[in-house]
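Trainee: no FASTA, just this:
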């Protein structure tokens, strides 16, 4: 058998691949663009495509991991485990693949070892291929995942993240591969993770060749993006030089910055004498025929940036961060400065901060630092909490060289050496008491949580609770097609919506009139399975009627903090309260940690005194100026 | 001969009576107050007379109801339940005005309405009652007598106002100390509430079953019973679910209770339809409680299991006919359950939901289903009357079948607008204790979790809720 199917162990996979001519294909459904679009594809759509994708005969389908676990519960309201179960029913053979960060897994901050291990164990029940990376290529950061994946008997695929620049030599990467093999043993697949789509075909070809020269038996899986329009070139070079598995996507759904279309890759490689193993090209066409009609419903989430982006070779920002960065620029009113930020400041910051790999969460640090350098007037004058952590080595050592002293001085002040000495280095994150977390979750949900619920909760506590409450209230909504779930502008009067619920029952809902009741509430009438129902909604407050809230400037907020009135300086969520009422605090003590845009920022005391009152709690969203706590200032 | 009968009531019972009158080929006259302008009983009656603006005061006015009867030339009045139904003055006014009162004579109503008098009649007939006293003598003598009673029967004990009723003028005491103090408090309260400071004592039967017997007597004194009913499921003395026959397995005991009811009715010289209420304690001792001298809300369940139309019989008896059946003709077959679907929000302490428009009304149907209601789609439930919207009665050959049918009917009932007790009942009848027939008057109190229901728990309703929200908000706020 040449075909790789779920249930095969790593030895069998390696043996089969090594003994088979041709190359294998991973359908990167999860990663089929680098805009928000890729995250939004509903389970409903993936289920539609499942039969044809199964028939197509891929090595694997990348269908979970990255931010998708979070977006599943946050924006798609689907249980990430249920999603895998349902897809597995329709796709009994194809291996499922995930992408996870060594320290952060599917979240944005480092998790304790016991959380990482529990999470991998639960997901490994559904996921066959585990692609693991670290944005500093710091191998020790990935050890826990490596171990758990191997323990579970699943396919481990460690990554070397790829970038360009004078330090990014073949020699360096081959040495990295050696470091990986030293901890994993020989039975792995190796991924070259070219998330930005950087470098030329020639560059990728020589890298693959260099690794194959040193490790001739190595099965290399090349992952890239078509951001600059040239990924087919890189894929071709990779396969020509010995890569065995490549990533591509369905042509009707892949997008700007996404992987190239599978069929184009096949056609291209065919003329070079390479044939895909086990692939049914007709099924690939069928998949796109099924998907094409669905795409219009996702229009709202498509990247605003059409065309290609060859300047990625300059700024190296991966597509995912590109989308959100432009969004931020529009909201922040600095769209005009984008060329400067992307093409001048970002490369400079990149170099200054050690020329590491611009991928989550490192890419966010580079981006926010570049923005604040341009916007803040003073470079490194307004460092984020994550930048501080990076400089302190909390994510691991810089791969090539440390940032210059002046940056440390700017960020930490004249005493920076002492701070670096006392606080620097990777923290051992203490294991958390999982039983305590389980009890907290049980309390928040009002029922005993399942192991799966616990795992999702440990990744994203507040969003998980919100999701399970949502599911309780609205049911299993994945059954709704995007035409309903993502509908904008409401439905038409008399429109019939048909769907089958999670338990298999067909339903029809007819849209009835909307009317305002005498009590001033809005009544929405629906004919649900021929039963008329009415749903009440309170009138939305009119924009003009709401009292204008006074917005304090950042300076005013900091002045207030100096007298003990600690408030949020930006729109954020509370992720930690570090003090208790009655506790003595000094200037610089950490009072709380707030989070926005995947970044955590500590709130430090600007006064000496005693905590008098805490106004907020973990998980609570804060607006600019919302009170966090009151510190009674000591005389 | 065709008669004209005035129905001195409103809501579902007015419609129930109007139907019976019309089936008998007589003319039905409705009465109404202004808040009932849109009420269905006016539309269904052959004629209707406006009484006044009310609210309630005109339905309660003997003078206005008699005047209305005169005005339309009616021969008889059916009082229904509540309002004037058990007011002996009203029955007497009818007698004096030469109008047929469909119910017992005023004297019977009077005697049975006076709790002490009723006890006396029953005692003389040798009917077991909850141990109690006559009216307590005034002053220290009364307290002394009370203490002797307490010594004999033990606590808890109820102090009851002789003129009280409907749960008013009752207080429970747990020891001598409380008894001494509360007798005087109760007297003062009774004086101001009922203008009569007589009180008496009754031993408290803890967690009893409420079992009652429907009786019917003709003018000749032929008295029959239509079997038992279990009305134990009550919330603060308000019956919620009524069952016929009682689920007590000891048939000899049930027969004895029914025979005792007939005996009690005869002792009171009862005429027409009435209900004899008993308490049955944990050891299956039963005690006479009272006789209700009117048609009961829950008469439907007895009709379903006997096949006898009680209201039709009431009218025929009042118009001078004798009973056309004997006790031997009456067979109890199967089970019937009635639930009172009220416009109330169980999750908000059963607060009435009056004043709200019934936007959607869709009722269940099929075999063994009976509805006695008066709401219709578009009807605004008046705030000034009680909250009963419709009585759902189901019949089944076995207890399980009946419960299954009730569950099906409740689940398919759609009332949109006011909140109703429907979801509460769905939860209640799914309770294992209810299903196995194990309940007494403490059921609601000991099953507080019944209040925790989710009104739109079915999967499609959940999804529909999201679709409604997407439609209203013009976007899915959970997918932004």
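Mentor: Yep, that arrived. Remember, it's a predicted structure, so these values are computed and weren't measured experimentally. Residues are numbered from 1 along each chain as shown, chains lettered A, B, ... in the order given.

Trainee: now do the same contact list for residue A:126.
Mentor: Residue A:126 sits next to A:64, A:81, A:84, A:85, A:88, A:96 when contact means Cβ atoms under 8 Å, 6 or more residues apart in numbering or on different chains. No exception for glycine: its C-beta is placed from N, CA and C like everyone else's.

Trainee: and what about it, helix, strand or coil?
Mentor: Secondary structure assignment for residue A:126 (DSSP: H, G, I helix; E, B strand; the rest coil): coil.

Trainee: give me the domain ranges for chain B.
Mentor: Domain ranges of chain B: B:4-102, B:131-203, B:209-449, per automatic domain parsing.

Trainee: the ones you listed: which one's closest to residue A:74?
Mentor: Closest of those to residue A:74 is domain B:209-449, at 30.3 Å (criterion: Cβ to Cβ).

Trainee: and the closest one, how far apart are its ends?
Mentor: Distance between the two ends of domain B:209-449: 21 Å, counting by Cα to Cα, to the nearest Å.

Trainee: what's the spacing between the residue most central in space within chain B and chain A?
Mentor: Geometric centre of chain B, nearest residue: residue B:297, 4.1 Å, by Cα atoms, centre = their mean. Look at residue B:297 and chain A: by Cβ to the nearest Cβ, to the nearest Å, they are 28 Å apart.

Trainee: how about the contacts made by that residue?
Mentor: Going by Cβ under 8 Å, 6+ apart, the list of residues near residue B:297 reads B:13, B:81, B:239, B:242, B:338, B:340, B:388, B:391.

Trainee: wasn't it part of a helix?
Mentor: No: counting by three-state DSSP, residue B:297 falls outside a helix, being coil.

Trainee: would you mind measuring from it to residue B:440?
Mentor: In this view, residue B:297 and residue B:440 are 20 Å apart by Cβ to Cβ, to the nearest Å.

Trainee: OK, now which residue of the stretch 501-635 of chain A is nearest to chain B?
Mentor: residue A:535 (3.7 Å; Cβ to the nearest Cβ).

Trainee: isn't residue A:376 up against residue A:382?
Mentor: Yes: Residue A:376 is in contact with residue A:382 according to Cβ atoms under 8 Å; the separation is 4.4 Å.

Trainee: who touches the strand or helix carrying residue A:115?
Mentor: Counting by DSSP states H and E, the element that carries residue A:115 is helix A:113-123. Here helix A:113-123 makes contact (Cβ under 8 Å, 6+ apart) with A:64, A:81, A:98, A:100, A:103, A:105-106, A:111, A:130, A:144-145, A:147-149, A:152, A:429, A:431-432, A:434, A:451-452, A:454-455, A:458-459.

Trainee: which among the residues you listed end up buried?
Mentor: A:64, A:81, A:98, A:100, A:103, A:105-106, A:111, A:130, A:144-145, A:147-149, A:152, A:429, A:452, A:454-455, A:458-459 (16 or more other Cβ atoms under 10 Å in any protein chain shown).

Trainee: how about low-confidence regions in chain B?
Mentor: B:165-168, B:455-457 (pLDDT under 70).

Trainee: related to what we said a few turns ago, beyond the helix holding residue A:115, next helix or strand please.
Mentor: Past helix A:113-123, the next helix or strand by DSSP H and E is strand A:129-133.

Trainee: so where do the strands sit in the stretch 151-300 of chain B?
Mentor: B:157-165, B:168-173, B:199-203, B:209-217, B:223-235, B:238-244, B:272-280, B:286-292 (DSSP state E, counting those that start in this stretch).

Trainee: out of the ones you listed, which is closest to chain A?
Mentor: Per Cβ to the nearest Cβ, nearest to chain A of the strands of the stretch 151-300 of chain B: strand B:238-244, 24.6 Å.

Trainee: any buried residues in that closest one, and which?
Mentor: In strand B:238-244, counting by 16+ other Cβ under 10 Å, buried: B:239, B:240, B:241, B:242, B:243, B:244.

Trainee: quickly find the element holding residue A:257.
Mentor: Taking DSSP H and E as the definition, residue A:257 sits outside all helices and strands.

Trainee: that one: neighbour count?
Mentor: By other Cβ atoms under 10 Å in any protein chain shown, 30 other residues sit near residue A:257.

Trainee: that one reaches residue A:36, doesn't it?
Mentor: No: counting by Cβ under 8 Å, residue A:257 sits too far from residue A:36 to count as a contact (11.3 Å).

Trainee: mutual contacts of those two, please.
Mentor: residue A:303.

Trainee: lowest-scoring secondary structure element of chain A by mean pLDDT?
Mentor: Least confident helix or strand of chain A, by mean pLDDT, DSSP states H and E, is helix A:319-332 with a mean of 75.

Trainee: quick one: contacts of that helix?
Mentor: Taking Cβ under 8 Å, 6+ apart as the rule, helix A:319-332 contacts A:33-36, A:38, A:67, A:225, A:227, A:256-258, A:303-305, A:309, A:312, A:317, A:335, A:337-338, A:341, A:358, A:360, A:363-364, A:367, A:371, A:375, A:597.

Trainee: just these: which are in helices?
Mentor: A:38, A:312, A:338, A:363, A:364, A:367, A:371, A:375 (DSSP state H).

Trainee: OK, contacts around the first one?
Mentor: Going by Cβ under 8 Å, 6+ apart, residue A:38 touches A:30, A:31, A:32, A:255, A:258, A:320.

Trainee: do that again at 6 Å, thanks
Mentor: Applying Cβ atoms under 6 Å, 6 or more residues apart in numbering or on different chains to residue A:38 gives the contacts A:31, A:32.
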